[in-house]
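Colleague: Give the three-dimensional model of this entry:
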Amino acid sequence: MSKCNPIAVIIVSSGSRGDRLLFRYPYEFNGNKEVAKLNTPRNPYSLREDKNETATNGKGSGQLAGYSDEILTTILATKSELSGYKFELKVDDVKFVGHPTLAQDVNSKWRTRSKEAPTMILFNVVFALQGEVVQSVVQCYYDLSKRLSLALRHEERRCGYLSNEAKVMLAVHDEVAALPEDMAESPYKTMLSKSELCRDLKDVYENLCNTGVVNVRINHWVQVSFCLPHKVHNVEIMHIEPDVIEKSLRAIRPYHAILLLGDENSLLELLPADTSPSLIRVTKTTTPLKSLQQLSQDCDLALSQVFQIAGHLVYWGQATIIYPLCETNVYVLSPNCDLRVNSQLVEEFTSKFPGQSLTAILSDFSLPLPLGEHRNPLGYEQQQAEQVRIVVWLLQSRLLVQLHTYVFLTPLDRYSPGDGDLPDFSTPRQHKISERSTGSSTGLPESLYDTEDMAHSPSLDSLSAKSPELSSNGHISQEDMHLRQRVREGLLKELTVAERHSVLSVPAASNDDDLKLFARLCPYFRGTHHLEEIMYYENLRRSQLLTLLDKFRDVLTTCLHQDAATITYKEFL
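Modeller: Here you go, the predicted model:
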């Protein structure tokens, strides 16, 4: 049993008839022994074996065992003063989480119309969890309890739904209590056939255990949707925490793309009837080849709205964020890849791509290589299209990860940095990069340099336009040489002394255009921006950027790792 799964779901009520446990599920444990047997009075003169008394308060086979209805009613039925607040109680190795909700004012309005006596004052939908569960899971279950409580309160205000369901449950309790001891059975089994609310709570429990996604309509009127990220994103080969998902969503940029993890038609069938048309439009239009910026143009939506839809799909486990597929993308096997020959992925791959071997395909990606090198230049167009579908399936199954190239500026050894020469990462230029990295509605970069500072210093273009003044011996005047040197150092003024000297000692720095482009891209050479991001924000071609990196290779170091927007990459976040 997963630690994220609930042990039980319970609903208790407080009213004029006292505190009552209305329903609990599951109601069986330890080889189909029912909880009702714990509540049935026994003959004090009958012989009992010790082995029947081994059940103690706690978890039994992943279910709530040893807690009678009286005990649960006592600890879960709170006072009215605690209504509207978070309820969290730990008993032994079981933690109870709920949201007590006051129903007295709600009942008074409905009672005025129905002219019936008051019955319920407060109710509490409680989830029993394992005691060692992390706090983020507890918070998610509290959120679900609150949503269910608000939905029940709304229906109680509208038509007295909860009061009617409570009457059915209490009537079943009374019927079972009146039966002879030898005919006693669990009242909760009978409730499932008579109470719609009990069936809804049963579905909530089973969906949480199976998929982690809850979609239930209370009284066929109020839709309650919930996603447990720990369960949705914890597949067999990897484990992802919700805080990692939130950080990855903040790293989404306009040049990223959406990759649906399932079939488009299956996703559309899961959407409720009142789904936003924008979500349906994005789902039908998105492809692994389209960036979010292009997707917003094709769907005629604002880029910020596309960002929200992409984050929504990622959080609910229906999509992931990738860089658009192209031949320059570098893919390699995931470190969590399941390489067993008899794994379920092998059967899925064989049924989806007949005649192909998953083992042979994975062996091709054992080393990080561009996607274009895996393509057969003599192959047919149909074979190339099938290869793209295979790569998409491997990404959906999380068998591949994409590696991006990051650049670091490293000064030469002969220029050792002195005291106080460390770069200041809080300079205005770095602030401008961080603002641009968050993405704007247009996605267009702003100037990295302060116009006031550059206005008072001559540029390299202006110096090149001037005809050089030659001295009597035919050389360039000393004044122009000093002026040119000051301009060069001014372009690299935000680097340390060692970095500035190292860059200027590179032969390519003698070219004014190359030096200007290098100075323009210097803020990106701190290992936090990959090549695709630099190309997007600076409007450069890959060939231009690679040429510059090759010219200044003496002071630049590159490395490969994943993008921060991929939820599988925890170390970089």
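Colleague: how close does the nearest residue to Trp393 once chain neighbours are set aside sit to Ser2?
Modeller: Nearest residue to Trp393 in three dimensions, chain neighbours excluded: Lys352, at 6.5 Å (C-beta to C-beta, 6 or more residues apart in numbering). The C-beta positions use only the backbone N, C-alpha and C, and glycine is treated the same way. Here Lys352 is placed at a distance of 28 Å from Ser2 (C-beta to C-beta, to the nearest Å).
Colleague: tell me the centre residue of the chain?
Modeller: Most central in the chain under C-alpha atoms, centre = their mean is Ile245, positioned 3.0 Å from the mean C-alpha point.
Colleague: my read is it is in a strand, agree?
Modeller: No. Counting by DSSP: H, G, I helix; E, B strand; the rest coil, one finds Ile245 to be helix, located in no strand.
Colleague: Just to check, it is in contact with Leu228?
Modeller: No. In terms of C-beta atoms under 8 Å, Ile245 does not count as a neighbour of Leu228; the distance is 12.0 Å.
Colleague: coming back round to it: look up how far Val392 lies from the residue nearest to Trp393.
Modeller: As judged by C-beta to C-beta, Lys352 and Val392 stand 11 Å apart.
Colleague: Those two: who's more crowded?
Modeller: A count of neighbours by other C-beta atoms under 10 Å puts Val392 above the other of Lys352 and Val392, at 18 against 12.
Colleague: residue contacts, the nearest residue to the more buried one once chain neighbours are set aside?
Modeller: Nearest residue to Val392 in three dimensions, chain neighbours excluded: Pro288, at 5.6 Å (C-beta to C-beta, 6+ apart). Listed by C-beta atoms under 8 Å, 6 or more residues apart in numbering, the contact partners of Pro288 are 257-259, 322, 324-325, 392, 395.
Colleague: SS state for Pro288?
Modeller: Of the three states, Pro288 takes coil under three-state DSSP.
Colleague: in the stretch 51-200 of the chain, which spans are strands?
Modeller: With strands called from DSSP state E, counting those that start in this stretch, the stretch 51-200 of the chain shows them at 58-60, 63-65, 87-91, 94-98, 101-102, 120-130.
Colleague: re the thing from before, mark which of the contacts of Pro288 are part of helices, please.
Modeller: 392, 395 (DSSP state H).
Colleague: who wins for neighbours among the contacts of Pro288?
Modeller: For the contacts of Pro288, the largest number of neighbours (other C-beta under 10 Å) sits with Ile258, at 26 neighbours.
Colleague: That residue contacts Gln318, doesn't it?
Modeller: No. At 9.6 Å, Ile258 does not count as touching Gln318 under the criterion of C-beta under 8 Å.
Colleague: Mind listing the residues bridging to the residue lying closest to Leu150 once chain neighbours are set aside?
Modeller: Once flanking residues are discounted, Leu150 sits nearest to Thr101: 7.4 Å by C-beta to C-beta, 6+ apart. Here Thr101 sits in beta bridges with Phe123, going by DSSP bridges.
Colleague: Tell me who's in contact with Thr101.
Modeller: Neighbouring residues of Thr101 by C-beta under 8 Å, 6+ apart: 83-84, 122-124, 149-150, 152-153.
Colleague: for the stretch 451-573 of the chain, what spans make up the strands?
Modeller: 526-530, 556-561.
Colleague: Among those strands, show me which one is buried the most.
Modeller: Of these, the one with the most neighbours on average (mean count of other C-beta atoms under 10 Å) is strand 526-530, at a mean of 18.
Colleague: Packing partners of it?
Modeller: Applying 3 or more C-beta pairs under 8 Å, 6 or more residues apart in numbering; DSSP states H and E, one finds that strand 526-530 contacts strand 400-409.
Colleague: Identify the neighbouring strands of the strand it packs on in the sheet and state each direction.
Modeller: Strand 400-409 has its sheet partners listed here by DSSP bridges as strand 330-333 (antiparallel), strand 526-530 (antiparallel), strand 556-561 (antiparallel).
Colleague: avg pLDDT for that strand?
Modeller: What strand 400-409 shows for mean pLDDT is 94.
Colleague: Need the strands of the stretch 51-200 of the chain in CSV (columns: mean pLDDT and distance to Pro368).
Modeller: Putting the strands of the stretch 51-200 of the chain into CSV (pLDDT from 0 to 100; distance: least, C-beta to C-beta, whole Å) gives the following:
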stretch, mean pLDDT, distance to Pro368
strand 58-60, 53, 45
strand 63-65, 72, 47
strand 87-91, 94, 47
strand 94-98, 96, 44
strand 101-102, 91, 54
strand 120-130, 93, 40
